[in-house]
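Asker: Model the structure of this input:
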Amino acid sequence: MREVDAVQPNPQNRILGMSTLAFTVCFAVWTIFSIIGVRIKQDLGLSDTAFGLLVGTPILTGSISRIFLGIWTDQYGGRLVYVATMVLAAIATFLLSYAETYEMMLVAALGVGLSGGSFAVGVAYVSKWYPKDRQGTALGIFGAGNVGAAVTKFVAPFVLVAFGWPMVAQVWAAALIVIAVIFWLATEDDPALRRRRERGEKAPGSLLQLEPLRNQQVWRFALYYFFVFGAFVALALWLPRYLIGVYGLDLKTAGMLAAAYSIPASLFRAYGGHLSDRYGARTVMYWTLGVSLVALFMLSYPNTDYVIHGIEGPISFSTRMGLVPFVVVIFVLGFFMSLGKAAVYKHIPVYYPDHVGSVGGLVGMIGGLGGFVLPIAFGVMNDLVGVWTSCFMLLFAIVAVALAWMHFSIRQMERTAAGDILDTLPAFPELEGVHDSAKHGRGSSALVTDWRPEDPAFWDSTGRRIAQRNLWISIPCLLLAFSVWMVWSVVVAKLPAIGFTFTTNELFWLAALPGLSGATLRIFYSFMVPILGGRLWTTLSTASLLVPAFGIGYAVQDPNTPYLIFLVLALLCGLGGGNFASSMANISFFFPKAQKGNALALNAGLGNAGVSVMQFAVPLVITAGVFGAIGGEPQVASAGTRFWMQNAGFIWVPFLIAATVLAWIGMNDLASAKASFREQAVIFQRRHNWIMCWLYTGTFGSFIGYSAGFPLLAKTQFPAIDSLQYVFLGPLIGALSRAATGWISDRFGGGRVTFWTFLLMIAAVGGVLYFLGIKDQPGAFWGFFAMFMVLFFATGIGNASTFQMIPIIMRSELGRLMPGVPPAERHRHADKEAAAIIGFTSAIAAYGAFFIPKAYGTSITLTGAPQAALWGFLVFYVTCAALTWFVYTRPGGLLHDIERGGTSTPAAPAPAE
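Answerer: Residues are numbered from 1 along each chain as shown. The predicted structure follows:
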């Protein structure tokens with residue numbers, strides 16, 4: 001930075017001033033649709049979703065172009081790239097005024113969006129003129145050009161009312177051309193570019209510029225910016241529409257009030273840069289996300305009317321936010337978002353001084369994509385949900401995730417830096433004066449620091465007792481998780497009888513959505529045990545199931561409950577599905593290699609039994625007032641039968657509370673199982689991880705998908721049979737076969753067992769297809785039912801055998817990949833990777849809980865019957881059998897010699913990962 005230090009203040013200030021002015025005009029052009037879009041929506045009769053797409057399209061171009069414009073700025077200089085960007089954006093803006101159809105406007109909007117890409121150019125250009133200790137302030141001042149959004153909101157409504165929206169586009173285009181000419185005449189190339197030219201050096205290649213994007217830290221910064229900038233742009237575009245719709249304001253007034261948000265969210269960015277230079281960007285980000293969380297919670301609460309049945313009659317009251325409080329809260333939100341924008345970009349030139357363009361471009365691109373995606377999401381949520389404040393609910397969730405990720409990342413960094421010092425601290429700060437680590441011990445008594453399950457003496461004296469205790473606490477926690485996860489498979493079959501008028505496809509959606517969310521959550525849950533510890537995570541994940549359990553109990557009591565509420569509750573039930581990944585990963589650490597197959601089979605098999613327990617218990621408990629008066633009134637079916645459907649949710653509450661307490665008191669964390677996400681992420685480079693995802697989808701994906709869809713499928717295909725009293729047997733057989741057959745895989749080899757399991761499943765699906773084809777004949781239901789019992793039995797065997805394969809595969813593979821590492825260390829790495837793969841494969845396979853019921857529903861909707869879906873399943877099982885044989889069990893396959901008592905490594909080296 002020596003050439004920067006030598007730059008005199010006058011050129012620095014001129015460059016900063018011109019860059020900020022240019023960015024202000026560019027930003028005014030970038031957000032032009034926030035005003036003219038409202039008139040276009042009225043003229044063309046657009047829906048909220050179409051309006052959101054129109055105002056978001058320029059944001060898309062401006063976002064995606066940022067990374068390329070940032071790289072080109074580092075290569076060719078900000079002066080040239082800045083002017084070229086402004087000229088191209090001006091041409092597109094001018095042509096917009098001649099667009100007459102919605103499609104033409106979308107095309108023109110793509111070009112208008114280039115003006116938003118100017119941010120990445122300006123960041124890279126300005127940062128090269130200032131030393132590190134002043135870059136935060138300088139970039140904060142430059143970023144204050146966001147005030148261009150307020151300029152548009154102040155001025156554009158008057159031009160629009162007087163001359164029409166095409167004149168707005170023409171005036172804004174002319175202003176951009178004028179600024180481009182002035183910028184070219186008043187600026188010069190940055191010192192780094194001039195020095196490189198003097199030395200005759202070539203500009204760094206684009207691939208080299210992209211190298212820092214491999215760092216996880218960059219993507220965390222991008223998430224912060226997705227909110228502080230992306231949400232700012234989205235709200236700048238959306239607020240006029242929101243104010244008109246909620247408060248009935250005219251366009252000019254709405255534009256003025258929306259500026260009350262845009263101005264502080266822009267001008268105070270300069271102050272945010274100063275605070276970041278003085279107090280640190282981390283502190284500023286904590287304040288930004290914390291205050292935003294509170295503000296968005298207040299903004300999220302919809303206007304609501306309450307009626308309480310009091311002693312002397314109804315008591316009515318309402319909660320609604322008036323216009324003045326709304327403007328105040330949105331002003332506060334904008335102020336702290338402006339501080340956060342500066343804090344994010346304070347980091348980039350400090351950590352990546354030679355890659356400001358590429359890193360700043362990526363962060364800006366993700367932030368800008370927020371400005372594209374969020375307006376569309378706001379429109380879609382308005383169309384689907386029908387609640388105006390749904391946009392703030394979405395932003396609240398984004399802030400919560402960003403704040404949690406930042407906090408956990410910082411805590412992990414601090415713990416790594418502090419090391420053993422933290423272990424000497426007391427459990428509570430108030431005890432620091434009397435705490436003596438020598439007397440009171442170090443760390444938690446639940447943390448096991450010495451864990452050697454492969455040592456026979458240690459296992460017999462200590463390890464077995466600890467492992468068994470954790471296993472038998474894990475099993476009921478997992479059983480309850482599966483019960484809550486799959487509860488909709490029974491509830492949906494009863495909803496029509498108590499007055500809910502949902503279509504068959506809507507009911508299949510409710511049965512399928514827990515599978516979708518559960519599978520997605522498993523991807524994250526897979527890595528949580530090594531990061532947070534099995535004891536803490538099992539406790540938290542079990543306690544989280546209380547939310548959908550209570551929610552179902554309240555929602556099913558009123559047939560007027562909106563379908564949206566049921567969709568949300570179905571998604572929340574996916575919390576139970578996520579638990580499987582973390583539970584299996586946790587238990588895999590406790591047992592030696594020779595017992596992993598059986599231990600995992602017991603945990604998973606008896607845990608899977610939660611589906612059967614639920615399908616057996618729920619039809620019983622909904623027929624009686626189990627909880628008396630506190631459980632609510634019954635619902636009366638059309639036939640006069642009384643049901644307490646709320647018990648389908650409430651029945652799990654006491655058991656969940658007990659299991660949560662038991663997990664916290666009785667389970668342990670293993671110090672040797674600790675690992676960061678980065679350590680575990682190596683599994684994504686292992687080809688066997690992806691192969692096992694495919695195979696486990698064939699076994700567990702089938703089990704959980706059939707469990708979710710079997711009750712409703714049986715009821716729709718054989719309506720004359722009261723099948724709900726029998727369907728629990730399928731998941732029960734699948735769960736018990738998994739728990740009881742783990743020893744077969746330990747003895748004969750998981751690969752061989754998996755291969756024959758898929759052949760059995762192919763035959764069983766063929767049997768189901770046969771009996772569906774003759775379903776009108778006597779006894780067809782029992783043939784159909786028997787074939788499904790065979791399917792469930794086979795999936796249980798395959799669930800155990802595939803999981804038995806994973807630790808064996810990884811120990812064999814790491815022997816080849818890490819030949820120079822001592823065996824004990826190599827085995828530790830293999831166990832960690834195997835645990836991560838077990839969790840991740842369970843996550844991918846769990847999507848079967850969504851796709852199988854949805855496939856039934858889609859097949860019935862399109863063809864009138866479920867056979868098309870079943871034929872698809874059969875073909876999939878053929879691919880699974882072929883893959884198992886070719887990779888693992890054929891002569892020369894990875895497991896062929898191992899499973900037949902030969903060498904402990906493959907007979908032939910496997911291809912490099």
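Asker: going forward, measure contacts between C-alpha atoms and count neighbours the same way
Answerer: Noted.
Asker: Which positions in the strand or helix carrying residue 658 come out as buried?
Answerer: With the criterion set as DSSP states H and E, the secondary-structure element containing residue 658 is helix 653-666. The neighbour-count criterion (16 or more other CA atoms under 10 Å) identifies 653, 656, 659, 660, 662, 663, 664 as the buried residues of helix 653-666.
Asker: Helices of the stretch 601-750 of the chain, start to end?
Answerer: For the stretch 601-750 of the chain, helices defined by DSSP state H, counting those that start in this stretch occupy the ranges 647-650, 653-666, 677-680, 687-696, 702-717, 729-740, 742-748, 750-773.
Asker: Can you say which of those helices is nearest to residue 173?
Answerer: Closest to residue 173 of the helices of the stretch 601-750 of the chain is helix 677-680 (CA to CA; 47.3 Å).
Asker: Tell me which stretches of the stretch 301-450 of the chain form helices.
Answerer: Across the stretch 301-450 of the chain, reading from the start of the chain, the helices by DSSP H, counting those that start in this stretch fall at 323-351, 356-385, 390-418, 437-440.
Asker: Now the shortest one: average pLDDT?
Answerer: Averaged across helix 437-440, the pLDDT comes to 42.
Asker: Provide the count of other residues in contact range of residue 367.
Answerer: Summarising burial for residue 367: neighbours were counted as other CA atoms under 10 Å, giving 28.
Asker: Would you confirm that it contacts residue 222?
Answerer: Yes: taking contact to mean CA atoms under 8 Å, the distance of 6.5 Å between residue 367 and residue 222 places them in contact.
Asker: And residue 180, what's its pLDDT?
Answerer: According to the model, residue 180 scores 91 on pLDDT.
Asker: Looks to me like it is in a helix.
Answerer: Yes: counting by DSSP: H, G, I helix; E, B strand; the rest coil, residue 180 falls inside a helix.
Asker: Distance to residue 144 and mean pLDDT added to the helices of the stretch 601-750 of the chain, as JSON lines?
Answerer: Written out in JSON lines, the entries for these read as follows (distance: least, CA to CA, whole Å; pLDDT from 0 to 100):
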{"stretch": "helix 647-650", "distance to residue 144": "51", "mean pLDDT": "84"}
{"stretch": "helix 653-666", "distance to residue 144": "49", "mean pLDDT": "88"}
{"stretch": "helix 677-680", "distance to residue 144": "36", "mean pLDDT": "50"}
{"stretch": "helix 687-696", "distance to residue 144": "47", "mean pLDDT": "80"}
{"stretch": "helix 702-717", "distance to residue 144": "52", "mean pLDDT": "76"}
{"stretch": "helix 729-740", "distance to residue 144": "60", "mean pLDDT": "76"}
{"stretch": "helix 742-748", "distance to residue 144": "63", "mean pLDDT": "74"}
{"stretch": "helix 750-773", "distance to residue 144": "61", "mean pLDDT": "88"}
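Asker: Compare the ones you listed and give me the one nearest residue 886.
Answerer: Each of the helices of the stretch 601-750 of the chain has some distance to residue 886 by CA to CA; the shortest is helix 750-773, at 10.2 Å.
Asker: and of the buried residues of helix 653-666, the nearest to residue 746?
Answerer: If you rank the buried residues of helix 653-666 by distance to residue 746 using CA to CA, residue 663 comes first, at 28.6 Å.
Asker: Give me the distance between the closest one and residue 582.
Answerer: Computed as CA to CA, to the nearest Å, the residue 663 to residue 582 distance reads 14 Å.
Asker: Tell me the residues that contact both of these two, please.
Answerer: Shared contacts of residue 663 and residue 582, defined by CA atoms under 8 Å, 6 or more residues apart in numbering, comprise residue 538.
Asker: close enough to count as contact, residue 18 and residue 185?
Answerer: No: using CA under 8 Å, residue 18 is not in contact with residue 185, being 10.3 Å away.
Asker: Mind checking which of these two has more residues around it?
Answerer: Shown here are residue 18 and residue 185; by other CA under 10 Å, residue 18 has more neighbours (20 against 10).
Asker: Quick one: closest of the helices of the stretch 601-750 of the chain to residue 447.
Answerer: Closest to residue 447 of these is helix 653-666 (CA to CA; 11.4 Å).
Asker: on that earlier part again, pick out the shakiest of the helices of the stretch 301-450 of the chain, pLDDT-wise.
Answerer: Across the helices of the stretch 301-450 of the chain, helix 437-440 gives the lowest mean pLDDT, at a mean of 42.
Asker: how many degrees apart are the longest helix along the chain and helix 702-717 in direction?
Answerer: Ranked by residue count, the top helix of the chain under DSSP state H comes out as helix 780-817. Note on geometry: by axes from the mean of the first three to the mean of the last three CA atoms, to 10 degrees, helix 780-817 and helix 702-717 are set 160 degrees apart in direction.
Asker: what is the rounded mean pLDDT of helix 780-817?
Answerer: The pLDDT scores in helix 780-817 average 80.
Asker: lowest confidence element among the helices and strands of the protein?
Answerer: Lowest on mean pLDDT, DSSP states H and E among the helices and strands of the chain sits helix 437-440, with a mean of 42.
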